[in-house]
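Visitor: Pasting a predicted model and its sequence here:
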Amino acid sequence: MRFTGVVANFFATLSTRTKATLIQSRWGLKSLVLSVIIWAVSTVAEIKSAAGGLVVSNPAILGGTPVFGGTRLPVQTLFDYLADGLTLGYFLETFEGVTREQARAVLRHGWDRIVAELAE
């Protein structure tokens, strides 16, 4: 992620009053840069992935809800659609940001985890 993206994500976590205080303070720029660095390092440390990177959990995206990599779409949505009797095709038409290969790989990963757990 580029530095501008990190700054944008950081700003999204701040209240309007906090933003104004940082910008207007005498040490605003230094405080801002230091705060962004601290936030970015702690956020990067908390980013997790599964299914070979197809699923990502990032505190800066939907509060850490597991999403399809490169999207803001919760993986739970795929399972909800299928559990409600909807087809994979319908899911893919509804959410164009996810490819058939991604969805199938996530489902396959879930199946593999079930098989591995039962084999223990």
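Guide: Looks like it came in fine. Numbers count the residues shown, from 1 in each chain.

Visitor: Leaving out sequence neighbours, find the closest residue to Y90.
Guide: Y81 (6.9 Å; Cβ to Cβ, 6 or more residues apart in numbering). From N, CA and C alone the C-beta is placed, and that goes for glycine too.

Visitor: Could you check whichever strand or helix holds that neighbour and say which residues are buried?
Guide: If you go by DSSP states H and E, Y81 is part of helix 75-83. Within helix 75-83, the residues scored as buried using 16 or more other Cβ atoms under 10 Å are 75, 78, 81.

Visitor: and if you look at stretch 60-70?
Guide: Here stretch 60-70 shows 60-61, 66-69 as buried, counting by 16+ other Cβ under 10 Å.

Visitor: Name the nearest of those residues relative to G110.
Guide: G110 lies nearest to P66 out of the buried residues of stretch 60-70, by Cβ to Cβ, at 11.3 Å.

Visitor: Spell out which residues sit in contact with that closest one, please.
Guide: Shown in contact with P66 (Cβ atoms under 8 Å, 6 or more residues apart in numbering): 50, 55-57, 74-76.

Visitor: residue boundaries of the strands in the chain?
Guide: 48-50, 55-57, 67-68 (DSSP state E).

Visitor: and among those, the most buried is which?
Guide: Using mean count of other Cβ atoms under 10 Å, the stretch among the strands of the chain with the greatest mean number of neighbours is strand 67-68 (a mean of 21).

Visitor: can you give me the mean pLDDT across stretch 92-103?
Guide: In this model, stretch 92-103 carries a mean pLDDT of 92.
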